[in-house]
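Visitor: 3D, please:
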Amino acid sequence: MESFVKEFEQLKIPPKEIKRVTNNFSNKPIGSGGFGQGDPEFWREIIMLSRYSHENLISLLGFCDKAGEKILVYELASNGSLDRYLSSPDLITWEQRIKICLGAGAAHAGTSLPS
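Guide: This is a model prediction of the structure:
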């Protein structure tokens, strides 16, 4: 496990730094994630998000796995999260939804779609 963790060493953020930039978690947007608090899910999310990039996916900036805390730090989604748009029929059209899905799938496969 230690060699596995070393692969992602550049993404580690000390808990003290996270507390400092969030004013001890008091003034920044904080969300809850889907990794379910377990080690396998936590590391799976780190692996997936560190390897894929797409204009419709927010980037993983770093993580903290110290003192019983598992924290993932993402770039700010200034327009809100994609799940909010996908779950509301009034925010985006079905054509936009399909383009997002196809684009994300193409990014996962390492290909690009024609415009």
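
Visitor: For the rest of this, base every contact and every neighbour count on C-alpha atoms.
Guide: Noted.

Visitor: Now do the phi/psi pair for the closest residue to Pro15 other than its chain neighbours.
Guide: Leaving aside its chain neighbours, Pro15 sits nearest to Cys64 (6.3 Å; criterion: C-alpha to C-alpha, 6 or more residues apart in numbering). For Cys64, the backbone dihedrals (degrees, to the nearest 10) come out as phi -130, psi 130.

Visitor: Report how many residues lie close to Cys64.
Guide: 19 (other C-alpha atoms under 10 Å).

Visitor: where does this structure have low pLDDT?
Guide: Judged by pLDDT under 70, the chain has its weakly predicted residues at 1-5, 27-37, 56, 107-115.

Visitor: mind giving me the domain split of it?
Guide: As given by automatic domain parsing, the domain ranges for the chain are 2-76, 79-115.

Visitor: Give me the distance between the longest one and the centre of its chain.
Guide: I take that to be domain 2-76. Its chain's C-alpha centre and that of domain 2-76 lie 8 Å apart, by C-alpha atoms, centre = their mean, to the nearest Å.

Visitor: Check the last one too.
Guide: Counting by C-alpha atoms, centre = their mean, domain 79-115 is centred 16 Å from the centre of its parent chain.

Visitor: can you pull the buried residues of it?
Guide: Buried residues in domain 79-115, counted by 16 or more other C-alpha atoms under 10 Å: 86, 100, 103-104, 107.
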